[in-house]
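Engineer: Using only what follows, build the 3D model:
(one chain, ligands or ions: 2)
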Amino acid sequence: MTSDAEGAAPAVTGRCYCGTTTIRAARAPETVAYCHCADCRRVTGAPVAAFAAFDEDGVTFTPDEGRRVTVNPGVSRSSCPHCGSPLAGRYDYLPGKIYIAIGLLDQANDLAPRLHSHAGERLSWLHIDDGLERFGTSARARLGDDGK
Ligand SMILES: [Zn+2]
Ligand SMILES: [Zn+2]
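Structural biologist: Residues are numbered from 1 along each chain as shown. Ligands and ions are numbered 1, 2, ... in the order given. Prediction:
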């Protein structure tokens, strides 16, 4: 194992439900965010999704990223072809970034979300009392802002 030039964070690893697809990110995520939008709920099946944002070029899927679908223009999402676990999302307005649901990641316990996006679509009975910043929509300015 080699470490980053900065000697900073080790690689992040993960896998889908069935284990067919494994994930490795060479660098720590730039940010981690909850997303309360209805699309993320449907993709993950959970009342709220939480994603880690990585530089796309540092992320490897083995054997590959599986099946990619686009339902809404500008967004593509992939899933394991065997078990259907959601693997990653890409958004045209956040070029070069890839979003991976933190539930797939072995280090999820160390990847605490830093903000809530699409907070306006939150399920009314879901209350997360964490004091994090809330964004009514995508928080895209913030998510695209390196180093925060
Ligand atoms: Zn799988
Ligand atoms: Zn979402």
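
Engineer: Going by C-alpha atoms from here, please, whenever you check contacts or count neighbours.
Structural biologist: Will do.

Engineer: Centre of the chain to the longest helix that the chain contains, how far?
Structural biologist: For the chain, the longest helix by residue count, based on DSSP state H, is helix 38-44. Computed by C-alpha atoms, centre = their mean, to the nearest Å, the chain-centroid distance of helix 38-44 equals 12 Å.

Engineer: Can you point out the buried residues in that helix?
Structural biologist: By 16 or more other C-alpha atoms under 10 Å, the buried positions in helix 38-44 come out as 38, 40-41, 43-44.

Engineer: CSV for these, including distance to residue 128 and pLDDT?
Structural biologist: What follows is the buried residues of helix 38-44, written out as CSV (distance: C-alpha to C-alpha, whole Å; pLDDT from 0 to 100):
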residue, distance to residue 128, pLDDT
38, 17, 96
40, 17, 95
41, 16, 97
43, 20, 94
44, 18, 95
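
Engineer: Pick out whichever of those sits closest to ligand 1.
Structural biologist: residue 44 (13.6 Å; C-alpha to the ion).

Engineer: dump the residue contacts of that closest one.
Structural biologist: By C-alpha atoms under 8 Å, 6 or more residues apart in numbering, the residues touching residue 44 are 85-86.
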